[in-house]
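K.L.:
The following comprises the amino acid sequence and a computationally predicted model.
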Amino acid sequence: MIEKLFKLKQNKTDVKTEVLAGVTTFMTMAYILAVNPTMLSASGMDATAVLMATCLASFIGTAAMALMANYPFALAPGMGLNAYFAYTVCGAMGYDWRVALLAVFAEGIIFIILSLTNVREAVFNAIPSALKKGVSAGIGLFIAFVGLQGAHIIVNSDSTLLTYVSFTENFHTEGICALLALIGLMITAVLYIRNVKGSILIGIVATWILGMLCQAAGIYTVDEGYGFYSLYPTFALTDFSALGQTFGQCFKADFTGVSIPNFIVVLLSFLFVDMFDTIGTLVGVATKADMLDKNEKLPRIRQALLADAIATSAGAVLGTSTTTTFVESSAGVGAGARTGLASMTTGILFLAAIFFAPIFTAIPGFATAPALIFVGFLMVSAILKVNFDDASEAVPAYLCMLAMPLAYSISEGIAIGVISYVVIHVCTGKVKKITPLMYVLAVLFVCKYIFL
């Protein structure tokens, strides 16, 4: 049954590898269970309801990806998009969260239509091969940067924006977290080099256990005011009735004081960022997993994009911000995931998290950081396949790779890559390499910077 459904032999994998990889992906994504409710509660939404909506939307989207596309890509409410939802739309613009949810629902419906009409597939296929490699490498740097910050290895600085953590200044909080993450990274790297199955997952669990031992010994100090929580999982019951506070509320939006043009701007902002974050993630992870065909196209891309669109609309109905394909899927790919069995495993764990959320939300950022940093290494190697003897191809790929971590956005990296690709090729007389859709994309990205 499993073989027939997920074609394991055809994809040169097995049940054990896929399940372990699915668990690895979940472990690197579990932070969303703690972060998303905290962020969206700032808009006035009930945190418990958002937690349940997050779990259910992630399960629906990831299961749809597994069954419709048979890819090891997991979905959850996207970081960045949830911040825009809570702090810009509901905060700075003052919209009720129900209006914001309606914009997300409408965005998902538009995406479903675009996916069925091949528009999103055409955009994916229009991206040149060199840019696809740049996207993959850029995502590698991006998630490594996320991991370095999550582990408090890289911290904010007044003089240089970012700097290396001072291990001694706050040793019992930031210092020990950074040290444990570095130890976990070494554990992961050594196990991977020695070809130990599940090395990335083992690295996460080992780092977490070391953290709990440090807390027991008094080396790690809990300081909730600064975001350093207890590393021990707690066992508490979930209030299932809370979901009623957000379920279906997008259809009860009150448009008092909301102008239609401003609502359209909000909708387009969600639409634009979600579309290119998703495409960028699919390009990057699929490139690393060697899933692209000889024409640099991703088979079953329409099904993958449709699963993503369905998840967005379903998530809005349940009560969460835009659900999108997660870049942390690359952790599972790095652990050997090649089929939907891995993503189905991740989806089931998200569903189970409704009952055991306190356990999963106890996984600290410094424990998942080694996985993100190491997978970043695996993904950045894609840049080696770019022909650096042809600067017209290499420079846009380089700029795309560079922009993602520095702008802290996959979609911004794609934007800079596309614009620079078109400009450089036009100015150097290589217009034959530019497809008509690339011109359209470049113009849209320029318009985005001007009007959105």
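P.N.:
Noted; the coordinates are in hand.

K.L.:
Tell me how far the residue nearest to the spatial centre of the chain lies from D390.
P.N.:
Nearest to the mean C-alpha position of the chain, by Cα atoms, centre = their mean, lies F326 at 2.8 Å. F326 is 33 Å from D390, where distance means Cβ to Cβ, to the nearest Å. C-beta: built from backbone N, CA, C; applies to glycine.

K.L.:
Quick check: chain neighbours aside, which residue is closest to G257?
P.N.:
Nearest residue to G257, sequence neighbours excluded (Cβ to Cβ, 6 or more residues apart in numbering): G94, at 7.7 Å.

K.L.:
mind checking how far the one you found is from V431?
P.N.:
Applying Cβ to Cβ, the value for G94 to V431 is 46 Å.

K.L.:
How about I373?
P.N.:
Plainly put, I373 is 40 Å away from V431 if you go by Cβ to Cβ.

K.L.:
quick one: A74 and T324 touch, right?
P.N.:
No - in this structure, A74 is not within contact of T324 by Cβ atoms under 8 Å, at 10.3 Å.

K.L.:
first to last residue in stretch 401-415, what's the distance?
P.N.:
One end of stretch 401-415 to the other measures 11 Å (Cα to Cα, to the nearest Å).

K.L.:
err, stretch 9-20, not the other one
P.N.:
Using Cα to Cα, the end-to-end distance of stretch 9-20 comes to 17 Å.

K.L.:
now stretch 208-227
P.N.:
End-to-end distance (Cα to Cα), stretch 208-227: 16 Å.

K.L.:
Quick one: distance of that stretch to the chain centre.
P.N.:
27 Å (Cα atoms, centre = their mean, to the nearest Å).

K.L.:
And that stretch, what's buried?
P.N.:
For stretch 208-227, the neighbour count (16 or more other Cβ atoms under 10 Å) marks 208, 210-212, 214-215, 219-220 as buried.

K.L.:
Please identify which pair of these lies farthest apart.
P.N.:
Using Cβ to Cβ, the two most remote members of these are W208 and I219, lying 14.7 Å apart.

K.L.:
The stretch 151-300 of the chain: strands as residue ranges?
P.N.:
Using DSSP state E, counting those that start in this stretch, the strands of the stretch 151-300 of the chain run over residues 154-157, 161-164.

K.L.:
buried set for the first one?
P.N.:
In other words, strand 154-157. I154.

K.L.:
Just checking: what are the partner strands of that strand?
P.N.:
Partner strands for strand 154-157, per DSSP bridges, with pairing direction: strand 161-164 (antiparallel).

K.L.:
For A362, see how far away T234 is.
P.N.:
To A362, T234 is 7 Å away according to Cβ to Cβ.

K.L.:
between the two, who's got more neighbours?
P.N.:
Neighbour comparison, T234 and A362: the larger count goes to A362, with 19 against 10 (by other Cβ atoms under 10 Å).

K.L.:
I'd say that one and P233 touch.
P.N.:
Yes - taking Cβ under 8 Å as the definition, A362 is a contact partner of P233 at 4.1 Å.

K.L.:
Count the neighbours of L114 for me.
P.N.:
Using other Cβ under 10 Å, L114 has 19 other residues around it.

K.L.:
give me every residue that touches the spatially closest residue to it that is not a sequence neighbour.
P.N.:
In space, L114 comes closest to R120 once its chain neighbours are excluded; the distance is 5.1 Å by Cβ to Cβ, 6+ apart. By Cβ atoms under 8 Å, 6 or more residues apart in numbering, the residues touching R120 are 111, 114, 275, 279, 301-302, 305.

K.L.:
farthest-separated two in those residues?
P.N.:
M275 and R302 (14.3 Å).

K.L.:
okay, these two: which has more neighbours?
P.N.:
Neighbour totals were compared for M275 and R302, and M275 leads with 23 against 18 (other Cβ under 10 Å).

K.L.:
what's the spacing between the more buried one and G108?
P.N.:
Using Cβ to Cβ, one gets 11 Å for the distance from M275 to G108.

K.L.:
So what touches stretch 159-173?
P.N.:
Counting by Cβ under 8 Å, 6+ apart, 152-157, 174-175, 178-179, 219-221, 223, 226, 228 sit against stretch 159-173.
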